[in-house]
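K.L.:
Show me how the following folds:
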Amino acid sequence: MKKSFIALNDALNHIKEVQKNITDLNHKSMNALNDVIFELDIDLPEDSFIALQHQDILSQQLSATNDLIDVITNHLSMEDNQLEEGILAALEVARDKKVAFSGNAFETQYEYI
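P.N.:
Numbering: from 1, shown residues only. I've put the predicted structure just below:
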(Lines give C-alpha, C1' and ligand atoms only; values in the text may rest on other atoms or scores of the structure.)
Protein backbone atom coordinates (compact mmCIF):
# COMPACT_ATOMS: atom_id res chain seq x y z
CA MET A 1 0.00 0.00 0.00
CA LYS A 2 1.37 3.44 -0.87
CA LYS A 3 2.44 5.74 1.96
CA SER A 4 -0.31 8.22 1.15
CA PHE A 5 -2.92 5.45 1.37
CA ILE A 6 -1.47 4.34 4.70
CA ALA A 7 -1.75 7.90 6.01
CA LEU A 8 -5.32 8.16 4.67
CA ASN A 9 -6.17 4.83 6.27
CA ASP A 10 -4.80 6.01 9.62
CA ALA A 11 -6.73 9.29 9.40
CA LEU A 12 -9.99 7.53 8.52
CA ASN A 13 -9.55 5.06 11.36
CA HIS A 14 -8.98 7.94 13.78
CA ILE A 15 -12.18 9.63 12.57
CA LYS A 16 -14.03 6.35 12.95
CA GLU A 17 -12.77 5.92 16.51
CA VAL A 18 -13.80 9.46 17.48
CA GLN A 19 -17.24 8.98 15.94
CA LYS A 20 -17.68 5.69 17.81
CA ASN A 21 -16.79 7.46 21.07
CA ILE A 22 -19.35 10.16 20.29
CA THR A 23 -21.99 7.54 19.47
CA ASP A 24 -21.29 5.64 22.70
CA LEU A 25 -21.47 8.82 24.76
CA ASN A 26 -24.69 9.80 22.99
CA HIS A 27 -26.24 6.41 23.84
CA LYS A 28 -25.20 6.69 27.50
CA SER A 29 -26.70 10.19 27.70
CA MET A 30 -29.92 9.10 26.02
CA ASN A 31 -30.27 6.10 28.33
CA ALA A 32 -29.75 8.30 31.41
CA LEU A 33 -32.35 10.80 30.21
CA ASN A 34 -34.81 8.05 29.30
CA ASP A 35 -34.40 6.48 32.75
CA VAL A 36 -35.22 9.78 34.45
CA ILE A 37 -38.18 10.45 32.17
CA PHE A 38 -39.71 7.02 32.81
CA GLU A 39 -38.88 6.85 36.53
CA LEU A 40 -40.44 10.24 37.18
CA ASP A 41 -43.23 9.64 34.66
CA ILE A 42 -42.55 12.95 32.93
CA ASP A 43 -44.70 14.03 30.01
CA LEU A 44 -42.35 15.70 27.57
CA PRO A 45 -43.40 18.60 25.38
CA GLU A 46 -43.33 17.70 21.70
CA ASP A 47 -40.18 19.67 20.94
CA SER A 48 -38.30 17.85 23.73
CA PHE A 49 -39.50 14.50 22.43
CA ILE A 50 -38.34 15.45 18.92
CA ALA A 51 -34.96 16.52 20.32
CA LEU A 52 -34.53 13.04 21.82
CA GLN A 53 -35.40 11.50 18.47
CA HIS A 54 -32.71 13.67 16.89
CA GLN A 55 -30.18 12.17 19.28
CA ASP A 56 -31.01 8.76 17.81
CA ILE A 57 -30.69 10.15 14.29
CA LEU A 58 -27.26 11.51 15.22
CA SER A 59 -26.10 8.03 16.24
CA GLN A 60 -27.48 6.50 13.06
CA GLN A 61 -25.76 9.11 10.88
CA LEU A 62 -22.42 8.52 12.62
CA SER A 63 -22.85 4.77 12.23
CA ALA A 64 -23.53 5.15 8.51
CA THR A 65 -20.42 7.31 8.15
CA ASN A 66 -18.37 4.66 9.94
CA ASP A 67 -19.71 2.04 7.53
CA LEU A 68 -18.44 4.18 4.65
CA ILE A 69 -15.04 4.50 6.32
CA ASP A 70 -14.87 0.70 6.66
CA VAL A 71 -15.55 0.24 2.96
CA ILE A 72 -13.01 2.89 1.96
CA THR A 73 -10.27 1.45 4.15
CA ASN A 74 -10.98 -2.03 2.78
CA HIS A 75 -10.62 -0.71 -0.78
CA LEU A 76 -7.37 1.20 -0.20
CA SER A 77 -5.27 -1.85 -1.07
CA MET A 78 -7.00 -2.44 -4.42
CA GLU A 79 -5.93 -1.31 -7.86
CA ASP A 80 -6.83 2.27 -8.79
CA ASN A 81 -9.90 1.42 -10.91
CA GLN A 82 -11.27 -0.98 -8.27
CA LEU A 83 -10.59 1.60 -5.59
CA GLU A 84 -12.57 4.27 -7.40
CA GLU A 85 -15.48 1.93 -8.19
CA GLY A 86 -15.60 0.61 -4.64
CA ILE A 87 -15.50 4.03 -3.04
CA LEU A 88 -18.15 5.45 -5.39
CA ALA A 89 -20.45 2.50 -4.66
CA ALA A 90 -19.89 2.91 -0.92
CA LEU A 91 -20.54 6.63 -1.15
CA GLU A 92 -23.87 5.99 -2.84
CA VAL A 93 -24.86 3.62 -0.02
CA ALA A 94 -23.78 6.22 2.55
CA ARG A 95 -25.84 8.92 0.85
CA ASP A 96 -28.88 6.62 0.83
CA LYS A 97 -28.40 5.94 4.55
CA LYS A 98 -28.15 9.66 5.24
CA VAL A 99 -31.55 10.20 3.68
CA ALA A 100 -33.06 7.09 5.29
CA PHE A 101 -31.76 7.91 8.77
CA SER A 102 -32.44 11.63 8.81
CA GLY A 103 -36.18 11.52 9.36
CA ASN A 104 -37.38 15.10 9.56
CA ALA A 105 -34.39 16.26 11.60
CA PHE A 106 -33.09 18.65 8.98
CA GLU A 107 -36.34 20.47 8.34
CA THR A 108 -36.23 24.15 9.25
CA GLN A 109 -39.37 24.09 11.40
CA TYR A 110 -37.30 23.32 14.51
CA GLU A 111 -35.91 26.64 15.68
CA TYR A 112 -33.72 25.20 18.46
CA ILE A 113 -31.44 23.44 15.95
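K.L.:
what packs against the helix or strand that residue 67 is a member of?
P.N.:
For residue 67, the element it lies in under DSSP states H and E is helix 46-75. Using 3 or more Cβ pairs under 8 Å, 6 or more residues apart in numbering; DSSP states H and E as the contact test, the elements touching helix 46-75 are helix 3-39, helix 80-102. Backbone N, C-alpha and C define where each C-beta goes, glycine included.
K.L.:
Low-confidence ranges, the chain, go.
P.N.:
1, 77-81, 103-113 (pLDDT under 70).
K.L.:
Repeat the analysis, applying 50 as the threshold.
P.N.:
Scanning the chain for pLDDT under 50 picks out 112-113.
K.L.:
Just give me the residue closest to the centre of the protein.
P.N.:
By Cα atoms, centre = their mean, the chain has its centre lying nearest to residue 62, at 1.0 Å.
K.L.:
just to revisit the earlier point, in a markdown table: the helices and strands packed on helix 46-75, plus mean neighbour count and distance to residue 47.
P.N.:
Output for these, formatted as a markdown table (neighbours: other Cβ atoms under 10 Å; distance: least, Cβ to Cβ, whole Å):
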| stretch | mean neighbour count | distance to residue 47 |
| --- | --- | --- |
| helix 3-39 | 12 | 14 |
| helix 80-102 | 13 | 18 |
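K.L.:
can you tell which of those helices is closest to residue 70?
P.N.:
helix 3-39 (7.5 Å; Cβ to Cβ).
K.L.:
OK, contacts around the residue nearest to residue 61 when sequence neighbours are not counted?
P.N.:
Leaving out its chain neighbours, the residue that sits closest to residue 61 by Cβ to Cβ, 6 or more residues apart in numbering is residue 101, at 5.7 Å. Residues in contact with residue 101 (Cβ atoms under 8 Å, 6 or more residues apart in numbering) are 57, 60, 61, 64.
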